[in-house]
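K.L.:
Below is the sequence, then the predicted model.
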Amino acid sequence: MTLATLLSDVEEVFRRPTGVRLYEKEDAFVLEAITAGVKAADINITFEKGTVCIEAKAGAYSYSYLVPLPTLIDETATPVAISEDGILKVTFPKAKVAKPFKILVKTV
């Protein structure tokens, strides 16, 4: 392992929030965050300038995630957030231009 590889690995760990996973579906981006032991009423989610902030509090413990989102989310659509079994799942619909679509070929 070279020093450059090690530094790259360390940088990747610090760039990614621990306990958060962001993945893409055909029509949406989904953000999953660990919120073990936190009631849905104690979770606060805000979205501003392309970044989602999740704050969750359970007694003396608190979680705080700040995650930049892809620019292809539909900021006019309302995201859906579901908390189940210690996992918070927030679904952000894609902007229309980001969704794949079929082009029909007509015969003349």
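P.N.:
Noted; the coordinates are in hand. Numbering: from 1, shown residues only.
K.L.:
Tell me the bridge partners for the residue positioned nearest the centre of the chain.
P.N.:
Geometric centre of the chain, nearest residue: residue 31, 2.7 Å, by CA atoms, centre = their mean. Counting by DSSP bridges, residue 31 forms beta bridges with residue 22, residue 90.
K.L.:
OK, contacts around it?
P.N.:
Neighbouring residues of residue 31 by CB atoms under 8 Å, 6 or more residues apart in numbering: 20, 21, 22, 52, 67, 69, 89, 90, 91, 92. Where you see a C-beta, it was placed from the backbone N, CA and C, and this is true even at glycine.
K.L.:
next one: residue 38
P.N.:
By CB under 8 Å, 6+ apart, the residues touching residue 38 are 56, 57, 58, 63, 83, 86.
K.L.:
Quick check: the two most widely separated of these?
P.N.:
57 and 86 (14.2 Å; CB to CB).
K.L.:
So between the two, which is more surrounded?
P.N.:
Using other CB atoms under 10 Å, the more surrounded residue of residue 57 and residue 86 is residue 57, with 16 against 11.
K.L.:
just checking, what packs against the helix or strand hosting that one?
P.N.:
In this structure, residue 57 sits in strand 51-58 according to DSSP states H and E. Packing partners of strand 51-58 (3 or more CB pairs under 8 Å, 6 or more residues apart in numbering; DSSP states H and E): strand 28-34, strand 43-48, strand 61-68, strand 87-93.
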